[in-house]
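Visitor: need a 3D model of the sequence below.
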Amino acid sequence: MKSAAVVNFSSEPHSVEVREVERPACGDDDVIVQVEAASVCGSDLHQWEGTNSWPVNYPVVLGHEFGGHVVELGKNVADARKWLEGDRVVSETAAVVDMSGAMSRQGLYNLDPSRKGFGYGVNGAMTRYVKVAARLLHKIPDNVTFDHASMTEPCSVAYSSTIAPGHIRPGDRIVILGPGPIGILSGAMAKLAGADVAIVGLERDKVRLEVAKKYGCEVIIGDVKDWAMAVDGLGADGVVDAAGVSATLKIALDVIRPNGWISKVGWGPQPVNFSLDQLVQKNVRLEGSFSHNWPMWERVLGLLGSKKLDLTPVLGGTFPVEQWETAFKKMHSGEFIKSVIKPA
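Guide: Residues are numbered from 1 along each chain as shown. The predicted structure follows:
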């Protein structure tokens, strides 16, 4: 059985097209998920543009943010009786990891050096059927739609960058640099923790910044220093760098208070061409934030199910596989925060 799929077939820019792919075979420890919604990520856009800084196993079906129904169980999964055909599920992204490795044994399989993820290392979910290791599955609350469930992954990235480190306290002032999907969702998470949040963007980000307002964030175009220094002149309690370029890390160091923290979740290949002396002088904790793991996904799904986190403001629109390029362009232009592909 073949299905239409969004395939990245080369490292050359715009090497993405719709192709027919076979339904994957189910391994003993796997399930086959019938995909109902696959959210578009910024990394999908980077692979489309040929600007990704990570290795890709071409050709590969794109898509690592998805939800759907279980339609087939591997032998060991069926014997365990934990999952049933028809279950509504989302999947984590660490498709292939060494579960006997040092990081996995600590529960940090997301940091396993041999990790291969959906959409670049193995075939992803912008198609009708995807093979998923059962260890990756989470049940979707009954009151959460597939469109919203497909965005569990970026919400987990945001949770990892803000809540998981355990630094935010009610009343803290937090600066978010970059109003993309992760920046806005990081702002939403920080607000849930009781922080005052400012999200910083540029003039071209006005549409995205309007979405940030819906989460109760203050929006700032340009210089955030006055907001950061407003209380006592020392700076913000925390900064999330969701943009990733060197310039935003410099801004973060300028506006953070002594003994504050910076969570860097945005990727950027540019070298840092400025002094890091402020990091030392201010006694600042600079932390990288990569991916997520089981408890983060469960917490995010709990927030979605309780309606404490509403993803309606970030969902711009849904598109069939054949209209993938429109979905990508809507996000690339900043018109949409998130697009969702519907493989049906």
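Visitor: and the residue nearest to V300 when sequence neighbours are not counted, how far from G266?
Guide: Spatial nearest neighbour of V300, excluding adjacent residues (CB to CB, 6 or more residues apart in numbering): C155 at 4.5 Å. Heads up, the C-betas are built off the backbone N, CA and C, glycines and all. Between C155 and G266 the distance is 16 Å, computed by CB to CB, to the nearest Å.
Visitor: more neighbours: which of those two?
Guide: Legend: neighbour count by other CB atoms under 10 Å for C155 and G266, higher for C155 (28 against 21).
Visitor: give the contact list for the more buried one.
Guide: With contact taken as CB atoms under 8 Å, 6 or more residues apart in numbering, C155 is in contact with 185, 189, 300, 303-304, 309, 311.
Visitor: cool, V60 as well?
Guide: By CB under 8 Å, 6+ apart, the residues touching V60 are 7-8, 119-124.
Visitor: over to A344?
Guide: Neighbours of A344 in contact, by CB under 8 Å, 6+ apart: 36, 128, 320.
Visitor: return the set of residues that bridge with V33.
Guide: Beta-bridge pairing for V33 (DSSP bridges): V70, V130.
Visitor: check D196 too.
Guide: Under the criterion used (DSSP bridges), D196 bridges to R173.
Visitor: walk me through the domains of the protein.
Guide: What automatic domain parsing lists as the domains of the chain is 2-151+311-342, 157-288.
Visitor: quick one, grab the pLDDT at S246.
Guide: For S246, the pLDDT comes out at 87.
Visitor: thinking again about what came up before, which of the contacts of V60 sits closest to A212?
Guide: Taking CB to CB as the measure, G119 is the one of the contacts of V60 closest to A212, at 26.5 Å.
Visitor: who are the contact partners of the closest residue to the closest one other than its chain neighbours?
Guide: Of all residues not flanking G119 in the chain, H64 sits nearest, at 4.1 Å (CB to CB, 6+ apart). The contact partners of H64, taken as CB under 8 Å, 6+ apart, are 41, 43, 93, 117-120, 124-125, 153.
Visitor: what's the distance between H64 and L73?
Guide: Taking CB to CB, one finds H64 at 22 Å from L73.
Visitor: kindly report the same for A230.
Guide: Counting by CB to CB, the gap from A230 to L73 is 56 Å.
Visitor: the two: which has the busier surroundings?
Guide: Each of A230 and L73 has its neighbours counted (other CB under 10 Å); L73 has more, 22 against 13.
Visitor: who touches the more buried one in this structure?
Guide: Shown in contact with L73 (CB under 8 Å, 6+ apart): 26, 31, 83-85.
Visitor: and W261, by the same measure?
Guide: 165, 167, 237-239, 284-287.
Visitor: name the nearest residue to it, ignoring sequence neighbours.
Guide: Here the nearest residue to W261 in space, its sequence neighbours aside, is R285; by CB to CB, 6+ apart that works out to 4.2 Å.
Visitor: likewise K307?
Guide: Counting by CB to CB, 6+ apart, the nearest residue to K307 once its immediate chain neighbours are dropped is N143, at 7.7 Å.
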